[in-house]
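generate a structure from the sequence data that follows.
(chains A and B)
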Protein chains: 2
Amino acid sequence: MIMSLNWRVDHIGIAVTDLNKALSLYETMANTAVTLREVIPEQGVEIAFLDTQGSKIELLASTGPQSKLAAFLAKRGPGLHHICYEVTDIKSELQRLAHEGFTLLDSTPRKGAGESKIAFIHPQSVHGVLTELCEYPRA
Amino acid sequence: MIMSLNWRVDHIGIAVTDLNKALSLYETMANTAVTLREVIPEQGVEIAFLDTQGSKIELLASTGPQSKLAAFLAKRGPGLHHICYEVTDIKSELQRLAHEGFTLLDSTPRKGAGESKIAFIHPQSVHGVLTELCEYPRA
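All right, here's what the predicted structure looks like:
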């Protein structure tokens, strides 16, 4: 039953309304540490990665009313937002998924947090789950 | 900034309406393998764990209209449902969280999938995220 695997859960994205309050909560709850915090102006979000053991938590807050995240928060409230898988070759994975009939929100990779390349798959193609792929630079 | 960490993301729970279709999709999308599949009659759900590298994916489908999951699906549709962290001592973590003012859905651990002990924290205490703790038997 076991097949070869090449996707790894990199992080779970969580939409929050107040990043500082959420960071304080996760510190109290799970003793997590912030490993990366940055504003991404082109997306209208501020993010913070929490390093739990294994997969990470990404908290996302909107920096303005025009962002997609602001629309998400207005519609659904704070909560689970997306799941991101690390892959080794994001470009070829996107080509494969397009060929399989998945609807891609990014047909080619774009710049993500840190030095990563990222792309999103439409939630309608993944049973309602906004799904992100990321590729990190080779060490 | 780095502190000692004792929580690990064990899995991400995803609510689906059709477990077989969802399993097929995840197999196509991410080449995942099913590692555990079981019906939990007392919760009215059937679950399947997918072993991606690192944290796992848990797909959850309702087995009847009375389950909490059926209510979730009716209200929000399929999608991200909860996040589960593995801890080493679930009982003491629940006591600590209660003391910190978190609202617990389970004040004492109950039986989860496989041989695990589990407990849930109310999403209102965690910025809208239904949060599960699990403890596995020591190897």
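
alpha carbons only for contacts and neighbour counts from here, please
Fine.

can you list the residues of chain A near chain B?
A:1-9, A:14, A:16, A:22, A:25, A:28-35, A:52-56, A:77-82, A:97, A:100, A:126-129 (C-alpha under 8 Å from any C-alpha of the partner chain).

now intersect those residues with the helices, please.
Of those, the ones assigned to helices by DSSP state H are A:22, A:25, A:28-30, A:97, A:100.

just the buried residues out of these, in ChimeraX syntax.
Per 16 or more other C-alpha atoms under 10 Å in any protein chain shown, the buried members of these correspond to this ChimeraX selection:
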select /A:22,25,29,30,97
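
closest to A:L69 out of the ones in helices among the residues of chain A next to chain B?
Nearest to A:L69 among these, counting by C-alpha to C-alpha, is A:A22 at 15.8 Å.

distance check, the closest one against B:C84.
Distance, A:A22 to B:C84, by C-alpha to C-alpha, to the nearest Å: 17 Å.

cool, and A:S67?
29 Å.

of those two, who's got more company?
The neighbour count for A:S67 versus B:C84, taken as other C-alpha atoms under 10 Å in any protein chain shown, is higher for B:C84 (23 against 17).

doesn't A:A70 make contact with A:S62?
Yes: here A:S62 lies in contact with A:A70, judged by C-alpha atoms under 8 Å, at a distance of 5.6 Å.

higher neighbour count, the two?
More crowded of A:S62 and A:A70, by other C-alpha under 10 Å: A:S62, with 26 against 21.

circling back to that earlier point, which ones among the residues of chain A next to chain B lie within strands?
Among the residues of chain A next to chain B, DSSP state E puts A:8-9, A:14, A:34-35, A:56, A:79-82 in strands.

mind giving me the PyMOL command for buried ones among these?
This is the PyMOL syntax for the buried subset of these, where burial follows 16+ other C-alpha under 10 Å:
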select buried, chain A and resi 8+9+14+34+56+79+80+81+82
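
farthest pair in the ones in strands among the residues of chain A next to chain B?
A:R8 and A:G79 (21.8 Å).

outline the domain layout of chain A.
A:8-81, A:87-139 (automatic domain parsing).

next SSE downstream of whatever helix or strand A:R37 lives in?
Per DSSP states H and E: A:R37 is located in strand A:34-40. Sequence-wise, the next helix or strand downstream of strand A:34-40 (DSSP H and E) is strand A:45-50.
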